[in-house]
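Undergrad: sequence plus the predicted model coming up.
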Amino acid sequence: MLPANPADRRFEDYPVGTVFEFGSVTLTQDEIVAFARQFDPQDMHTDPALATAGPHGGIIASGWQTMGVMMRMFTDHYLPKNGLASPGVDEVRWPRPVRPGDTLRVRVTVTDARRSRSKPDRGLVNAFVEVLNQRDEPVLTVKPINMIRTRTPLPASGDA
């Protein structure tokens, strides 16, 4: 049985095909504009009048803010608290904009999991992450790779 608390999870708790769903964050226009002014100062994120005249018909969140919201939910609900560094992410996509008032949640599907042969205390878990709005439409997809500690290390073989 999967430990409900991510702090108690280990590599063995992420079998291929497992789906995790969690989170609920609603973004306000003030939050979107404040983030964008600091990190992504483009008119579509910061200026309501110019954004309304633009291709999206109003303010939209920076994709990087959406990524940050996802990361917070991902670390709170998916990753073990004793996590290891990630070697990276692949295929970051923003298929539709996030608008003020949108409520976001996360769905993670484990797509691959393998134990490290050279570092027997960990495994690599690949996943497909979708951030969904209140209409179940994806607003962000990304494929992270995470190193996660095992419960029972295998003897090191010297292979990667």
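TA: Cool, the structure landed. Numbers count the residues shown, from 1 in each chain.
Undergrad: how about the longest helix seen in the chain: buried residues?
TA: Ranked by residue count and defined by DSSP state H, the top helix of the chain is helix 63-77. Residues of helix 63-77 classed as buried: 63, 65-67, 69-71, 73-74, 77 (neighbour count, 16 or more other CB atoms under 10 Å). Quick note: C-beta positions are derived from backbone N, CA and C, even for glycine.
Undergrad: possible to save those residues as CSV with pLDDT?
TA: Output for those, formatted as CSV (pLDDT from 0 to 100):
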residue, pLDDT
Gly63, 97
Gln65, 98
Thr66, 98
Met67, 97
Val69, 98
Met70, 97
Met71, 95
Met73, 96
Phe74, 95
His77, 93
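Undergrad: off-centre distance for the longest helix of the chain?
TA: 5 Å (CA atoms, centre = their mean, to the nearest Å).
Undergrad: cool, and stretch 95-113?
TA: 7 Å.
Undergrad: avg pLDDT for it?
TA: Confidence for stretch 95-113, expressed as mean pLDDT, is 98.
Undergrad: just the terminal-to-terminal distance for it.
TA: Start-to-end span of stretch 95-113 (CA to CA, to the nearest Å) is 26 Å.
Undergrad: what separates His56 from Glu130, distance-wise?
TA: To Glu130, His56 is 21 Å away according to CB to CB, to the nearest Å.
Undergrad: show me which of these two is the more surrounded one.
TA: Looking at His56 and Glu130 with other CB atoms under 10 Å, you find the greater number of neighbours at Glu130, namely 20 against 13.
Undergrad: picking up where we left off before, show me what the longest helix of the chain is in contact with.
TA: For helix 63-77, contacts defined as CB atoms under 8 Å, 6 or more residues apart in numbering pick out 6, 20, 22-23, 25, 27, 31-32, 35-36, 39-40, 83, 92, 94, 98, 104-106, 108, 129, 131, 139-140, 142, 144.
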